[in-house]
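[1] sequence first, then the predicted structure, then my questions.
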Amino acid sequence: MVSVNINISGRDLQGVTRDVRKALKEVPVPNDFRVDIGGTAEEQQKSFMYLGIAFMVAILLTYMVMAAQFESFLDPFIIMFTIPLSFIGVALALVLTGTDLSVMSLIGIVMLVGIVVNNGIVLVDYINQLRARGLDLYDAVKKGGQIRLRPVLMTALTTILAMFPLALGIGESGQSWAPMARTVMGGLTVATVLTLVVVPVIYVILENLTARIQARLAAREERKYGKSLATDEA
């Protein structure tokens with residue numbers, strides 16, 4: 001067994017690992033030999049896999065909690081649209097700051113699953129309250145967006161500003177935690193702005209679609225009941 005140890009400086013581990021794998025494909029290896037990449041690179045690949053599983057579990061648990069609280073399968077689905085919106089901010093934050101996608105960045109993405117849905121919960125819950133008071137769909141969405149604008153911005157800004165010192169990467173271990181903070185800040189910033197626009201639109205579309213489906217089912221049941229009643233009379 002021959003071990004080759006490499007110390008990386010000035011480049012990210014994932015990029016170097018990708019270049020090494022590409023170079024190894026051009027090296028002829030006998031059938032009874034194999035080349036394995038281990039060490040920190042192997043641990044990073046395992047971390048990515050486990051964080052991917054954690055991300056899916058976080059989405060599932062978040063949806064289950066909201067479904068239990070709202071007593072609806074549709075409202076949590078609307079709120080979950082804030083999660084893919086946050087990915088836009090994550091990508092922009094990493095590109096603008098020159099930060100590589102690392103394990104800490106993925107941890108920040110998993111954190112965003114539980115953070116960005118808060119704004120959607122605040123908005124959708126209040127719209128439902130307004131509709132329960134008698135407002136129609138469009139008036140409830142318009143008024144809910146106006147009244148909940150300040151709470152949504154305050155909730156987002158407190159988290160973003162609290163992450164700002166960590167995002168600067170100051171201190172001995174600051175560079176290790178900075179990618180996570182930058183990920184959370186970028187994702188939450190964009191998700192907050194888009195939540196105030198996209199979530200109400202999706203809410204209106206899905207509510208109208210649900211109302212149409214329910215109307216068609218009711219009409220179908222009414223026609224079915226009418227036919228059975230006519231048959232009984234005959």
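    Happy to help now that I have it. Just so you know, these numbers come straight off a predicted model, no measurement behind them.
[2] okay, which residue is most central for the chain?
    Central residue of the chain (Cα atoms, centre = their mean): residue 83, 2.4 Å from the mean position.
[3] confidence score at that one?
    For residue 83, the pLDDT comes out at 86.
[4] for the host helix or strand of it, name the packing helices and strands.
    Using DSSP states H and E, residue 83 maps to helix 82-97. On a contact count with 3 or more Cβ pairs under 8 Å, 6 or more residues apart in numbering; DSSP states H and E, helix 82-97 meets helix 103-115, helix 117-132, helix 174-233. Using the backbone N, CA and C atoms, a C-beta is placed for each residue, glycine as well.
[5] centre of the chain to the first one, how far?
    By that I understand helix 103-115. Put simply, helix 103-115 sits 9 Å off its chain's centre (Cα atoms, centre = their mean, to the nearest Å).
[6] please apply the same query to the last one.
    In this view, helix 174-233 has its centroid 16 Å away from the chain centroid, taken as Cα atoms, centre = their mean.
[7] neighbours around the closest residue to residue 204 other than its chain neighbours, how many?
    Closest residue to residue 204 apart from its sequence neighbours, by Cβ to Cβ, 6 or more residues apart in numbering: residue 141 at 5.9 Å. By other Cβ atoms under 10 Å, the residues close to residue 141 number 22.
[8] next one: residue 148
    Quick note: residue 148 (other Cβ under 10 Å) scores 19 neighbours.
[9] ok, residue 192 next?
    Residues near residue 192, counting by other Cβ under 10 Å, number 24.
[10] residue contacts, it?
    Applying Cβ atoms under 8 Å, 6 or more residues apart in numbering, we find residue 192 in contact with 116, 119, 152-153, 156.
[11] which of those residues ranks first by neighbour count?
    Sorting the contacts of residue 192 by how many neighbours each has (other Cβ under 10 Å) puts residue 116 first, at 30 neighbours.
[12] for that residue, phi and psi?
    Here is the backbone geometry of residue 116 (degrees, to the nearest 10): phi -70, psi -20.
[13] re the thing from before, what angle do the helix or strand hosting the residue nearest to residue 204 and helix 117-132 make?
    Assigned by DSSP H and E, residue 141 belongs to helix 137-147. Between the axes of helix 137-147 and helix 117-132, defined by axes from the mean of the first three to the mean of the last three Cα atoms, to 10 degrees, the angle is 130 degrees.
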